[in-house]
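Participant: make a model of this:
(2 chains)
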Amino acid sequence: EDQVTQSPEALRLQEGESSSLNCSYTVSGLRGLFWYRQDPGKGPEFLFTLYSAGEEKEKERLKATLTKKESFLHITAPKPEDSATYLCAVQQSSGGSQGNLIFGKGTKLSVKP
Amino acid sequence: DTEVTQTPKHLVMGMTNKKSLKCEQHMGHRAMYWYKQKAKKPPELMFVYSYEKLSINESVPSRFSPECPNSSLLNLHLHALQPEDSALYLCASSQEGGPRPQHFGDGTRLSIL
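Facilitator: Next comes the predicted model:
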């Protein structure tokens, strides 16, 4: 069965304390892996797309990496405004041209000042 | 600000009411999506429209009826909903062809009395 597993479920960091979120996946034929940020009461905000193993993308304090089995979202020197739920989603090759997104359950990140 | 606009932001309705949720995007995307999200859960795909035609229906009950009047608009008509249908309803859009990121609106918070 296709699965996307995120860990940890929740992460508490002090401001400036760098860490990583994990997204492991087992899908047949990965077409793309997406990272989103979701604030309470809001829709998911697109962060990154990764297409193939070895690929890396960066945006401000965030860096996403991809291997054949997992992706990491590295957060460097986080600030309180980085607090949110981070969702990972994969699109598999059998899902048609749009492709169903398979979402993980998310990691809730809290950054304390 | 999100480029996918959903109205209303909040909706309270009785089980016998008929209401509609609306979604609009002006990014030129030809794929549009409806998702349902319960508290502390990831979004669940309901419907996908591609070039204004319904391409995916994830076995959603008939009390939810989608409509895509044109390439910029997506509606979700609601009738005879149940209390368990209370959730955040998210609209998203994406470019067609290949693994493209979906861009989400901020959703409609629906409460069924």
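Participant: residue of chain A nearest chain B, please.
Facilitator: Nearest residue of chain A to chain B: A:Gly32, at 3.0 Å (CB to the nearest CB). In this view, the C-beta of every residue, glycine as well, is placed from N, C-alpha and C.
Participant: up against chain A, what does chain B have?
Facilitator: Of all the residues in chain B, those in contact range of chain A (CB under 8 Å from any CB of the partner chain) are B:2, B:4, B:6, B:31, B:33, B:41-43, B:45, B:48, B:50, B:55-56, B:88, B:90, B:92, B:94, B:96-107, B:109.
Participant: please list only the buried members of these.
Facilitator: Applying 16 or more other CB atoms under 10 Å in any protein chain shown to the residues of chain B next to chain A, the neighbour count classes B:4, B:6, B:31, B:33, B:42-43, B:45, B:48, B:50, B:56, B:88, B:90, B:92, B:94, B:99-107, B:109 as buried.
Participant: narrow those to those in strands?
Facilitator: Per DSSP state E, strands hold the following members of those: B:4, B:6, B:31, B:33, B:45, B:48, B:50, B:56, B:88, B:90, B:92, B:94, B:103-104, B:109.
Participant: farthest pair within these?
Facilitator: B:Ser50 and B:Arg109 (27.2 Å; CB to CB).
Participant: do the one helix or strand in chain A whose mean pLDDT sits lowest and chain B meet at all?
Facilitator: The weakest-scoring helix or strand in chain A, judged by mean pLDDT, DSSP states H and E, is strand A:101-103 (a mean of 89). Yes: judged by CB under 8 Å from any CB, strand A:101-103 and chain B are in contact via A:Leu101, A:Phe103.
Participant: partners of B:His103 in the sheet?
Facilitator: Per DSSP bridges, the residues bridged to B:His103 are B:Ser93.
Participant: for it, give me its contacts.
Facilitator: Each residue near B:His103 by CB atoms under 8 Å, 6 or more residues apart in numbering or on different chains is listed here: A:Phe46, B:Thr2, B:Glu3, B:Val4, B:Gln25, B:Met27, B:His29, B:Ala92, B:Ser93, B:Ser94.
Participant: quickly list what the residue positioned nearest the centre of chain B is bridged to.
Facilitator: When CA atoms, centre = their mean is applied to chain B, the residue found nearest the centroid is B:Trp34 (3.1 Å). Bridge pairing for B:Trp34 (DSSP bridges) gives the partners B:Phe47, B:Cys91.
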